[in-house]
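# next input, structure requested:
(2 chains)
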Amino acid sequence: MADLSVNICGVDFKNPVIPASGVFGYGREYEELFPLSALGGIATKGTTITKRNGNPAPRIAETPSGMLNSVGLQNPGIDKFISEELPNLMTKDTVILANIAGSTAEECVEIAKKLDETDVHMIELNISCPNVKQGGMAFGATCEGAASVTRQVRKATKKPLIVKLSPNVTSISDIAKSVEAEGADAVSLINTLLGMRIDINTRRPVLRNNMGGMSGPAVFPVAVRMVWQTANAVKIPVIGMGGIATGEDAVEMMMAGASAVQVGAAIFTDPFAPVKIIDGINQYLDSHNIASVKDIIGTVEPW
Amino acid sequence: MKYTQGKYQIAGKSALAKDIYSIEIICPEIAEIAQPGQFVHILPAGFTLRRPISICDISREKGTLRIVFIVKGDGTKEIAKLNEGDLIDMLAPLGHGFTVNDSFKKVVLIGGGIGTPPMLPLAKYYGEKAIVISGFRSAEAVILQNDFKQTGAETILCTDDGSMGTKGFVTEPLKELLKKGDIDAVYTCGPTPMLRNIAAIANEKNVYCEVSLEERMGCGIGACLVCACKTKKDGEEHFAHVCKNGPVFNSKEVIW
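The predicted structure is shown next:
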């Protein structure tokens, strides 16, 4: 058994596998299938300041080797998250990343301040949700916007701050550099790629929200490329995600420069995907006589 | 255990009508706990998303579940390729099923089209206390009528074009039955306009009514919040989730 532990911004993870924000809720439903303590961490559902209902259904569609979603940040609001979900999560012996997704910088600041007073291990600032009209991806689309919201949230919390980046930009590594300059402790990428499908019989978009975020194995090569470019551009840790479905995928993402990985759509295909990915990483390391998963981070040898 | 995921062997498969298949699956631990109105979440080989399919029959003795589904798209087409002896990847049993009540003396079960299969476990539970109304487009689409008859329930068959049974919609016989005033509950599954009409009719007569809804799903267990449906509880509107809060809802909670 290889050493699977990693350390990101001073926080120890027992392994580098984290269910991504949005697919895993607050873990309650998956706890019926496996102990949450098996996971490196859990990124919780994006929270807004007050309760949000999200977009009308249908909110999901299958695409070749992937899917589109347009949930639209349905969540009970930060106060309920802190009172009803966080205390339970904090007993699960895994790192909790609270994902915040305000519509304005002020809202993100207010949420961060509330989280700063809790025991949560890390904050993941979502400046990349493609499914909301205000905030979300709009923050993350320009270096100035990303820098500004990061600067304000940075002042509001002493917790390790991860900024989650959108791939729907000209240069994700430039955005990463601008949030690094404002005090982000880490970046996570990629959020979903903005996509759309149309039912040619009804001439209606398949999603009720018309557009949605694309994820799943189809986006994996794009994610690997963006993680590689970003890891080469910044000094802070990069958490890689986008289409990871197997232990081999996770190893590849870490070789591209990710210090840990998040798993999203694969959990819909196989609810045990996170634990199978952990096993898969271990098998790879053992079969290659690599003592620690830390020894593969950023080790790709580009041509 | 509330639910589990695994690959289970198919004990038998048959075609019931055009594009409609019945599959019996050997899954003792799931059959042991499955309830009428619950569903299974099946992964078509090579796909990213699972497909929710309602449970048509539960046999605790044989340790099997039966599902009946219609080929609608590429995912269900892939599931329809499976045969006896093959393994099927299933996360189950899921969702909040029908509420059955031993003190009910007479109930009406209404299935429309591919909404008829989840009525069968209820018909088995209520037996002679049940009146099953099934509605289909035409004679070629009719399924499960012998299965319903074997439960001891009274059966009423309607087709839109009159090619089998009575011509017309399922709501006509329902209205007649409710006039007599001795129906304790109405349970239904089918196309949304049909459910909406049935809910309105039952509500008008103040008869307890449960509807089974359908929506595109992600996780199937209530984590991803994809399968939203608008409901009201205690006067407040909110988005419930078909996979966990449903698929069966009290019809008064649903905002149509």
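
# do you know how far A:T94 is from A:Y30?
12 Å (C-beta to C-beta, to the nearest Å). C-beta here means a position set from N, CA and C on the backbone, and glycine is covered the same way.

# same question for B:I70.
In terms of C-beta to C-beta, B:I70 sits 30 Å off from A:Y30.

# the more surrounded of the two?
Counted by other C-beta atoms under 10 Å in any protein chain shown, B:I70 and A:Y30 do not tie: A:Y30 has more neighbours, with 24 against 18.

# correct me, but the more buried one touches A:A38?
No. Assessed by C-beta atoms under 8 Å, A:Y30 is found out of contact with A:A38, at 10.1 Å.

# thinking again about what came up before, list residues touching both of A:T94 and A:Y30?
A:L36 (C-beta atoms under 8 Å, 6 or more residues apart in numbering or on different chains).

# which residue ranges form the helices in the chain?
Because you didn't say which chain, this covers chain A. Taking DSSP state H as the criterion, chain A contains helices spanning A:78-80, A:86-89, A:105-116, A:137-140, A:143-156, A:172-181, A:220-233, A:247-255, A:266-269, A:273-287.

# could you do chain B instead?
Going by DSSP H, chain B shows helices at B:28-33, B:74-80, B:119-126, B:145-150, B:171-180, B:192-204.

# most tightly surrounded among those?
Each of the helices of chain B was scored by mean neighbour count; the highest is helix B:119-126, a mean of 25, by mean count of other C-beta atoms under 10 Å in any protein chain shown.

# for it, packing partners?
Applying 3 or more C-beta pairs under 8 Å, 6 or more residues apart in numbering or on different chains; DSSP states H and E, one finds that helix B:119-126 contacts strand B:51-59, strand B:107-112, strand B:130-136, helix B:145-150, strand B:185-189.

# what's in contact with it?
Residues contacting helix B:119-126 (C-beta under 8 Å, 6+ apart): B:35-37, B:55-58, B:98, B:100, B:104, B:107, B:109-111, B:130, B:132, B:134, B:144, B:147-148, B:151, B:153, B:187-189.

# show me what from chain B comes close to chain A.
Counting by C-beta under 8 Å from any C-beta of the partner chain, chain B comes close to chain A at B:1-5, B:43, B:47-50, B:74-75, B:91, B:215-219, B:221-229, B:238-239, B:244.

# just the buried ones out of these, please.
B:3-5, B:43, B:47-50, B:75, B:91, B:215-219, B:221-229, B:238-239, B:244 (16 or more other C-beta atoms under 10 Å in any protein chain shown).

# take the residues you listed and keep only those in strands.
B:T4, B:Q5, B:L43, B:L91, B:A228, B:C229, B:H238, B:F239 (DSSP state E).

# for A:P205, state which of the residues you listed is nearest.
B:A228 (16.6 Å; C-beta to C-beta).

# my guess is that closest one contacts A:G54. True?
Yes. The criterion here is C-beta under 8 Å, and B:A228 meets it with A:G54 at 6.2 Å.

# okay, and the common contacts of the two?
A:V71, A:Q74, B:F239.

# got JSON lines for these, with pLDDT and distance to A:I49 too?
Listed next are the shared contacts of B:A228 and A:G54 as JSON lines, based on pLDDT from 0 to 100; distance: C-beta to C-beta, whole Å:
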{"residue": "A:V71", "pLDDT": "90", "distance to A:I49": "18"}
{"residue": "A:Q74", "pLDDT": "89", "distance to A:I49": "14"}
{"residue": "B:F239", "pLDDT": "87", "distance to A:I49": "18"}
